[in-house]
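Participant: Predicted structure and sequence below. I'll ask about it afterward.
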2 protein chains.
Amino acid sequence: MRFATLKDGSLDGRLVVVSRDGTRAVAVPRIAPHLIDALQRWDAVRQPLEDVQSALDAGPMDGAFAFDPRACAAPLPRSPQWLDASAFLNHGRLMERAFNTPPIPDFDTVPVMYQGASDDFLGPHDEVPLPSEADGIDFEGEFGVICGPVRMAATPDEALGAVRLIVQINDWSLRALGPHEMKTGFGFLQAKPSTAFAPIAVTPDELGDAWRDGRVQLKLQVQWNGERFGEPHGGEMNFSFGELVAHAARTRRLTPGCIVGSGTVSNVARSAGSACIAERRVIEKIDQGDIRTGFMRFGDRVRMQARFDDGRDGPFGVIDQRVVKLAEGAR
Amino acid sequence: MRFATLKDGSLDGRLVVVSRDGTRAVAVPRIAPHLIDALQRWDAVRQPLEDVQSALDAGPMDGAFAFDPRACAAPLPRSPQWLDASAFLNHGRLMERAFNTPPIPDFDTVPVMYQGASDDFLGPHDEVPLPSEADGIDFEGEFGVICGPVRMAATPDEALGAVRLIVQINDWSLRALGPHEMKTGFGFLQAKPSTAFAPIAVTPDELGDAWRDGRVQLKLQVQWNGERFGEPHGGEMNFSFGELVAHAARTRRLTPGCIVGSGTVSNVARSAGSACIAERRVIEKIDQGDIRTGFMRFGDRVRMQARFDDGRDGPFGVIDQRVVKLAEGAR
């Protein structure tokens, strides 16, 4: 199944089922008005929602309308928790060199994860207002999962079984603020403004074989101001989403709708490029001796789209955002 | 005004106004069914809620009933964000020695703050199920504020003006897990299970002169298994709540209901005792050469109550919780 959330002025927006060809959608208020509602009552709504998906894909349907990704909020405009890992060790090791921070202990055996703000996510085409270019504005292309309930101390297998939906993420980062926050030991806060999501959240079966070993086996194609930036592959993730979700649930139960992210998708092969600027910069320093790429300027755009190995578009739709200067007095 | 939330099986519970003598309460479903709803519509509901408070305090009132703190959830059973600082530098400096972590850079000029889980708070008398005593189970007595909307990049004065309610907090901590998570730079996650709150959230005016300089000028009396543990004073906080909230809002707007905590209340004077076990342990090590106090065992209780300087009870009511072993298969 493929879900999106249309903006309607409410905090949770309006849930729609999206056709598999991405052209049409239909609201399902009598089954579940919001995606969070569907996640909270998953066992009861799953079959009715599958019936809607089948009918929508089969042809004309009462109430169906043209799907407009520009009208979308994040699939979950707010969620109970947003926990983001750094599960591509290649990225993490490069970041240690970029920020000159000490090696993370047990980095290859114990996931690292921070908790981000989950009350104010950005939609796939929302502008990104930020206060200052001097903060080192960067994108981070990621995959993530949205979970059903997970008990405290769940095993990785149980945790993997609780994955309900898969999403594509742009975890906006402010690189000038991150190293200080890491040194405090308290983790990222100011360095992580609102996170953005591609319009469509999908059940794992929509990925077919590309949902394998608890990993999203897709490339994440990233463009900055229309130029190719990279297309690292999600299969190189060093922990499975089952392991990540179990890590999150070690001492807390997770309520339905909790989102767990992979961290920046990153491959060892330099030819894959990068899914964030900070990584390209440190590679420039290592490989060429000096940093040649600056961070984002106001007006810059970033575009992210997942692709199957055979070149087909991934099912999540496109993130395409522009960074703008925060307006004086803006809420 | 004094608010509490009664458990009713829903995620947000049922908002009640509590009489100033703490004996009676009345629900206000026609004004605001939940506290989060009141916070989202504060300007519209403030006067009607004040009228209810006045009528309730004046004498018998239709619909009023005996107030039972044991029936309470946290005032906000879930909130958009829970951001906890470490604003008592005395505590922070002792923790550096306890955990043998490097000094936090700029600790006396820039607040440190982590984001905790805000989807599953504990009520004041809820049992605290945790998986293992070996995790180093500890309490942390704190004060906190619940905010209205705060714009991104708000000043400390604006942020202080956005404080709607003041709360008393027990930020449960697992000390065996914290140092590793600090060393990752990603901050606390497993080290911070669900946080608990005293039953009553109050508007700042309820504290009178004890809400001064953006600080809660009350003692926090802590007892462990019925024995005195400490009564450190909130006035010694090294940052104001205005400064803390502004720090939180530097690169994100805060939506109504965001909770910002002080971190463990802690005083330089040894005679004040402590509001967490880790602090007592490091003081024992420093002053007496060895650690004599262990962390909590299953079955242990902690009780926390604020007091005015003249000995009167604070307005928040009592936190009184028991730690229990997580049941096999428990949700």
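Facilitator: Received the coordinates, thanks. Numbering: from 1, shown residues only, chains lettered A, B, ... in the order given.
Participant: Going by C-alpha atoms from here, please, whenever you check contacts or count neighbours.
Facilitator: Will do.
Participant: how about the strands in the stretch 151-300 of chain A?
Facilitator: A:163-170, A:173-174, A:196-197, A:201-202, A:211-212, A:215-216, A:219-224, A:227-230, A:259-261 (DSSP state E, counting those that start in this stretch).
Participant: For the second one, what does the pLDDT average out to?
Facilitator: Just to be clear, that refers to strand A:173-174. On average, the pLDDT along strand A:173-174 is 98.
Participant: I'd like to know how many residues surround the closest residue to residue A:268 other than its chain neighbours.
Facilitator: Closest residue in space to residue A:268, ignoring its immediate chain neighbours: residue A:90 at 5.9 Å, by Cα to Cα, 6 or more residues apart in numbering or on different chains. When neighbours are defined as other Cα atoms under 10 Å in any protein chain shown, residue A:90 has 19 of them.
Participant: Is residue A:90 in a helix, a strand, or coil?
Facilitator: Under DSSP: H, G, I helix; E, B strand; the rest coil, residue A:90 falls in the helix class.
Participant: Next one, pLDDT for it please.
Facilitator: 91.
Participant: Likewise for residue A:329?
Facilitator: Listed pLDDT for residue A:329 reads 70.
Participant: Return the distance of it relative to chain B.
Facilitator: Residue A:329 sits 7 Å away from chain B, going by Cα to the nearest Cα, to the nearest Å.
Participant: For that residue, which non-adjacent residue is spatially closest?
Facilitator: residue B:151 (7.5 Å).
Participant: can you pull the contacts of that neighbour?
Facilitator: Contact analysis of residue B:151 by Cα atoms under 8 Å, 6 or more residues apart in numbering or on different chains lists A:329, A:330, A:331, B:249, B:252, B:253, B:254.
Participant: Likewise for residue A:222?
Facilitator: Counting by Cα under 8 Å, 6+ apart, residue A:222 makes contact with A:141, A:228, A:229, A:230, A:231, A:274, A:275, A:302, A:303, A:304, A:305.
Participant: Send over the host helix or strand of residue A:5 as CSV, restricted to the C-alpha atoms.
Facilitator: Using DSSP states H and E, the element containing residue A:5 is strand A:2-6. Coordinates of each C-alpha in strand A:2-6 appear next as CSV, following Å, rounded to 0.1, in the frame of the first residue of the first chain:
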residue,chain,number,x,y,z
ARG,A,2,1.0,3.6,-0.7
PHE,A,3,0.0,6.4,1.6
ALA,A,4,0.3,10.2,1.6
THR,A,5,-1.0,13.0,3.7
LEU,A,6,-2.6,16.1,2.2
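Participant: so what does it touch, helix or strand wise?
Facilitator: Counting contacts by 3 or more Cα pairs under 8 Å, 6 or more residues apart in numbering or on different chains; DSSP states H and E, strand A:2-6 packs against strand A:14-18, strand A:201-202.
Participant: Now mean pLDDT and distance to chain B too, for those, in a markdown table please.
Facilitator: Formatted as a markdown table, those follow (pLDDT from 0 to 100; distance: least, Cα to the nearest Cα, whole Å):
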| stretch | mean pLDDT | distance to chain B |
| --- | --- | --- |
| strand A:14-18 | 98 | 19 |
| strand A:201-202 | 98 | 21 |
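Participant: Any chance of those strands in CSV with mean neighbour count as columns?
Facilitator: Formatted as CSV, the helices and strands packed on strand A:2-6 follow (neighbours: other Cα atoms under 10 Å in any protein chain shown):
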stretch, mean neighbour count
strand A:14-18, 27
strand A:201-202, 27
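Participant: ok, residue A:275 to residue A:137 distance?
Facilitator: 14 Å (Cα to Cα, to the nearest Å).
Participant: returning to that earlier point: what angle do the strand holding residue A:5 and strand A:163-170 make?
Facilitator: 60 degrees (axes from the mean of the first three to the mean of the last three Cα atoms, to 10 degrees).
Participant: ok, the most centrally placed residue in chain A - contacts?
Facilitator: Nearest to the mean C-alpha position of chain A, by Cα atoms, centre = their mean, lies residue A:169 at 2.0 Å. Contact analysis of residue A:169 by Cα under 8 Å, 6+ apart lists A:140, A:141, A:142, A:143, A:144, A:195, A:196, A:197, A:198, A:261.
Participant: low pLDDT regions in the stretch 201-331 of chain A?
Facilitator: Across the stretch 201-331 of chain A, residues meeting the criterion (pLDDT under 70) sit at A:331.
Participant: how about 90 then?
Facilitator: For the stretch 201-331 of chain A, applying pLDDT under 90 flags the ranges A:328-331.
Participant: interface residues of it facing chain B?
Facilitator: Contact residues, the stretch 201-331 of chain A versus chain B (Cα under 8 Å from any Cα of the partner chain): A:247, A:248, A:249, A:250, A:251, A:252, A:253, A:255, A:329, A:330, A:331.
Participant: which residue packs closest to the third one, ignoring adjacent ones?
Facilitator: It stands for residue A:249. Spatially, and ignoring its direct neighbours in sequence, residue A:249 is nearest to residue A:152 (5.1 Å; Cα to Cα, 6+ apart).
Participant: Show the pLDDT at that neighbour.
Facilitator: 97.
Participant: pretty sure it is in contact with residue A:247, am I right?
Facilitator: No - look at residue A:152 against residue A:247 with Cα atoms under 8 Å: they stay out of range, at 9.9 Å.
Participant: Just give me the neighbour total for residue A:8.
Facilitator: Residue A:8, neighbours per other Cα under 10 Å, totals 12.
Participant: Hmm, it is touching residue A:33, no?
Facilitator: No - with contacts counted by Cα under 8 Å, residue A:8 stays clear of residue A:33, the gap being 11.5 Å.
Participant: intersection of neighbour lists for those two?
Facilitator: The contact sets of residue A:8 and residue A:33 overlap at residue A:14 (Cα under 8 Å, 6+ apart).
Participant: would you list every one of the helices in chain A?
Facilitator: Along chain A, counting by DSSP state H, helices occupy A:35-40, A:42-58, A:89-99, A:156-161, A:178-184, A:241-248, A:277-288.
Participant: Which of the ones you listed sits closest to residue B:292?
Facilitator: helix A:178-184 (28.3 Å; Cα to Cα).
Participant: for residue A:262, what are its contacts?
Facilitator: A:84, A:85, A:86, A:87, A:88, A:142, A:143, A:144, A:237, A:241.
Participant: Just put the residues you listed in TSV and tack on distance to residue B:287 and neighbour count.
Facilitator: Below are those laid out as TSV (distance: Cα to Cα, whole Å; neighbours: other Cα atoms under 10 Å in any protein chain shown):
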residue	distance to residue B:287	neighbour count
A:84	41	24
A:85	40	25
A:86	40	25
A:87	43	28
A:88	45	23
A:142	49	28
A:143	50	26
A:144	48	25
A:237	48	24
A:241	46	27
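Participant: Around chain B, which positions in the stretch 1-150 of chain A sit nearby?
Facilitator: A:80-81, A:104-105, A:112-120, A:130-131, A:150.
Participant: Restricted to buried residues, select those in ChimeraX.
Facilitator: A single ChimeraX command selects the buried members of these (16 or more other Cα atoms under 10 Å in any protein chain shown):
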select /A:80,81,104,112,113,114,115,116,117,118,119,120,130,131,150
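Participant: Can you pick out the most distant pair from the residues of the stretch 1-150 of chain A next to chain B?
Facilitator: The distance between the two most remote of the residues of the stretch 1-150 of chain A next to chain B (Cα to Cα) is 37.0 Å, for A:131 and A:150.
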